[in-house]
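Colleague: Just to be clear, the model below is a prediction. Sequence and coordinates:
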Amino acid sequence: MRLLCCVTIVLHTAQAFKILDEDPFSIPVYDYDQHAQAGPTEEDAAAAVEEYSIRKRELLEFVTQADWEYYTSISDESQDASSEAAKVLAAFEKESWKTIFTQYDYDQFEDEDLKRRFKMHSVLGLPALEAEDFSSFNKIVSDMTSIYGAGKICPFDNQDCDLETEGLTLEPGIEAILADTANRSWDELTYVWTAWRNVTGRKMREKIGDYVELSNKAAQANGLADMGELWLDPYFTDLEADEDFRGDLESLWNEMSPLYTSVHAYVRWRYRQHWGEENMPDPAAPIPAHLFGNMWAQSWQGTFKMVSPFPNEPSPFDEVDENLIKQNYTIRRIFELSNSFYDSLGLADMEMCYDTPCGTEDTPDNRDCVHQNPMIEKPDWDVVCHASAWDLYKPGNDDFRIKMCTEVNLDDLITIHHEMGHIQYFLQYKEKPLEFRDGANPGFHEAIGDTMALSVNTPDHLHRVGLLDAVSDSEEADINFLLTAAMERVVFLPFAYTIDQFRWGLFNQSIPLERMNEVWWQLREKYQGISPPVMRSEEDFDAGSKYHVAGDVSYIRYFVAHILEYQFYRQMCLDSANFVPNDPAKPLHKCDFSQGELSLLAGQRLKNMLSAGSSLPWPDLLEEMTGDRKMSAGAILDYFAPLASWLEQQIVENDIPVGWTGHQ
C-alpha cells in the first residue's frame, strides 16, 4: 500500500510542476516596454486575471486531491504530499500577487466585478510567508491534524490496552460512551474526558508557540497586525470603515446571554439531581465539563433524558432512531433522503457527493477507490472522520464529495443535511469566476445546511417522511422539543465564541503562551459557566482536543452561522407560509418550509443567494435574503420564546440559582 501511495504522490507532484513549467509564473500583467507611456489598462487586468484563473483552477485540483488523499488515508507519505502540494500553490499565489494583483489601481476600474475580483486578492493570506516559513507552518498544522486524527485511548476498564488493536477512536468508540452518559459513572466520564486530551492537545502543546509566531508573520506580511485580523478580514472587507464587526459579535452574544444563562441554570439543577450533591456540592458553581454527553461541551443534547421536563412525553427523536433501524435504512439511503429534501425545494441534485462503490476493508484497491470517490463510511484504516464537504475543482465542475464516518441515526441524518448544504452552495456558484466561488462570508457557508436542518428536525417533517409515527401538539411536547433544540443550538454559541476569543488572544499576545491553558479555562467559565473535572496545568493544551484548533480552522464562522441560520429560516418559513407571526397555529419552531405549494418560492430565494457566491458584499446578500443588512438575534430569540418563558417560570418556582461564580 505504501508503494501505491508513493506512486500517486509522485504523479501528482509531477503534474503540478508540469502545470507551472509550461510557463512558470509568467502570467502577463502588461508589456512594460510597450506600455511604458500609457501604463496598464483595465483590459490588461481582465486578461491577466482570466489567465491566472485557468492556472489557479489546475493547481487547486491538484492540491485538493492531495489533501483529500491525506484526510482519507493518514500516513507520513500522504502528509508529505499534502504539504508539498500546498507549497506549490503558495508559490504560485505569491508570484501572482506580486505580478498581477499589486500592479493595478483596481479602485479605478469601471467593471464592478473585475474591481471586486482584484479587491479579493488585496490580502494574500498564508502564501505571503517566505517559502521556508510557509513550509514550517504547514508542517506544524499537518502534524497537529495527524495527532488529532490518529488519537486513540484505552477503554476505562482496560487502561493498559494495546492501542493498536483495542484502542478507541473518537468516532465511533469514544462518542458512543459519551452518548450513554446517563448510564456511565462519574469516574469513567472523567477518565475518557482526560484521556482524549492527553492524546491530542497535550501532544501538540509544544508546537503552539511556533504556530502562533508563524501565523502572525503571515498576517504581518499582509499588512495586518496579527492572524486574528487576517481571519476576520473576509467579514471586515465588505463593511464600512465605521462598522465594528467584533462589537457586533459581542452585542449578539449579550442579546443571547440571558437565554443561555437560563438554560444553563435549569440543566445544572437537573444534573445535580442526577449526579448527587456529593459530586456537585455547590448549586451555583460552574458545571463540570465532562457531564454534557459531548467531548467539548459544545452540545448538551445527548443528556436531554437526564433533564427532560416531561419524561413521560415520548421523545420523537428516539422514535426516529428506532424507525431508521426498523425500516432498514442504510448509510446511502439516509443520504438519498437528504438529497430528496433539497430536491423538494427545486434545488440541484447531489447524488455525486455520496455515490461511491468503495468498500471499507483495508485493501490497496479500496484505498485507491476512496482516493477517487466520496467517503461516507469509516474504513478500516486511519482517516480524519470529522465530516466535511469538498469541491475537487475538476474541469467539468462535476466532482463534489462528502467525507464522513456515517452512522445510521438522526444525528448523522442532520449532519448529512448540513454537509449537503455546502455541496449545494458549490453547485449553485460553480459557474462563477474562481474568486466568487465561495460563501458570501465564511458564516454563510456554514449557515445553509443548518437552515435546512431546522426544517428537517421538526416533528412535522420527520412524520411526513415516515420516520415519526405521530406528532403531539401538547405544550409538554413543545417544551421538550425546544429544550432539546436549545441544548444543541443555544449552548453552542458561547462555545463557538470562546474558541476564537482564545485564539485571537494568543495571536495578539494578550494571552501569554505560558498561561494559555489557564486562560482557556477562564474564558470557558466566563462565557459557558463550565469547569474542568480534574486539575489542569500548563502541560496541557485543552483547546487542541478540538479538531478546528488542531487543523487551523477559524471558528467564528460557526457563531455567525448559528445567528444567520435562524434569520434565513425565518424568511423561508414566511415565504412558504409555514410560519405566520402571532398565529399560535403556525409558530416558528414548528415550521417545515419544504411543505406546501409555496415551498418552491422559499427554495428560489435561497437559490438566488447561493448562486451569487461571494460576487456581492455579504450585507447586500443578507438584505436580499432577509430584509436586514445586519446580523440579528431576533429570529433565534423568537424561535425559543416559548421556552424562555417556561424556563423563567421554573427558575422562580423552584428557586433555581442563575449564573455561576464570577458570572456578571
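Modeller: Now that the structure is in, tell me what you want to look at. Numbers count the residues shown, from 1 in each chain.
Colleague: quick one: residue 491 and residue 300 touch, right?
Modeller: Yes - Residue 491 is within contact range of residue 300, at 5.3 Å (criterion: CB atoms under 8 Å). To be clear about C-beta, it is placed using only N, CA and C from the backbone, and glycine gets the same treatment.
Colleague: These two: which has the busier surroundings?
Modeller: When residue 491 and residue 300 are compared for neighbours, residue 300 comes out ahead with 27 against 23, by other CB atoms under 10 Å.
Colleague: Could you measure from the more buried one over to residue 660?
Modeller: Relative to residue 660, residue 300 is positioned 15 Å away (CB to CB, to the nearest Å).
Colleague: now do residue 190
Modeller: Relative to residue 660, residue 190 is positioned 20 Å away (CB to CB).
Colleague: same deal with residue 572?
Modeller: 37 Å.
Colleague: Have a look at the two and say which one is more surrounded.
Modeller: Neighbour totals were compared for residue 572 and residue 660, and residue 572 leads with 28 against 21 (other CB under 10 Å).
Colleague: just so I have it, where are all the helices in the stretch 51-200 of the chain?
Modeller: When secondary structure is read from DSSP state H, counting those that start in this stretch, the stretch 51-200 of the chain shows helices at 76-96, 112-119, 131-149, 163-166, 175-179, 186-199.
Colleague: Pull out the buried positions in the longest one.
Modeller: Along helix 76-96, the positions that meet the burial threshold by neighbour count (16 or more other CB atoms under 10 Å) are 77-96.
Colleague: just the fifth one next, same as before
Modeller: Using 16+ other CB under 10 Å as the burial criterion, the residues of helix 175-179 that qualify are 175, 177-179.
Colleague: that older thread, between the helices of the stretch 51-200 of the chain, which gets nearest to residue 445?
Modeller: Nearest of the helices of the stretch 51-200 of the chain to residue 445, taken as CB to CB: helix 112-119 at 18.1 Å.
Colleague: which sections of the stretch 251-400 of the chain are below the confidence cut-off?
Modeller: Regions of the stretch 251-400 of the chain meeting the criterion pLDDT under 70 are absent.
Colleague: how about the helices of it, start to end?
Modeller: Using DSSP H, counting those that start in this stretch, helices in the stretch 251-400 of the chain cover 304-307, 316-326, 331-344, 364-371.
Colleague: Could you name the helices and strands sitting against the last one?
Modeller: The one in question is helix 364-371. For helix 364-371, the elements it packs on are helix 2-21, helix 42-71, judged by 3 or more CB pairs under 8 Å, 6 or more residues apart in numbering; DSSP states H and E.
Colleague: Lowest average confidence across these, which one?
Modeller: The weakest mean pLDDT among those belongs to helix 2-21, with a mean of 38.
Colleague: The protein: strands as residue ranges?
Modeller: Assigned by DSSP state E, the strands in the chain fall at 152-153, 168-169, 287-288, 388-391, 400-403, 530-531.
Colleague: which residues sit against stretch 313-322?
Modeller: Taking CB atoms under 8 Å, 6 or more residues apart in numbering as the criterion, the residues outside stretch 313-322 that touch it are 304-305, 308, 409-410, 413, 459, 462, 467-469, 471-472, 474, 476-477, 480-481, 484.
Colleague: in that stretch, what counts as buried?
Modeller: Buried residues in stretch 313-322 (16+ other CB under 10 Å): 313, 315-317, 319-321.
Colleague: want to try TSV for the helices of the stretch 251-400 of the chain, with distance to residue 103 as columns?
Modeller: As requested, the helices of the stretch 251-400 of the chain are arranged in TSV below (distance: least, CB to CB, whole Å):
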stretch	distance to residue 103
helix 304-307	58
helix 316-326	57
helix 331-344	42
helix 364-371	39
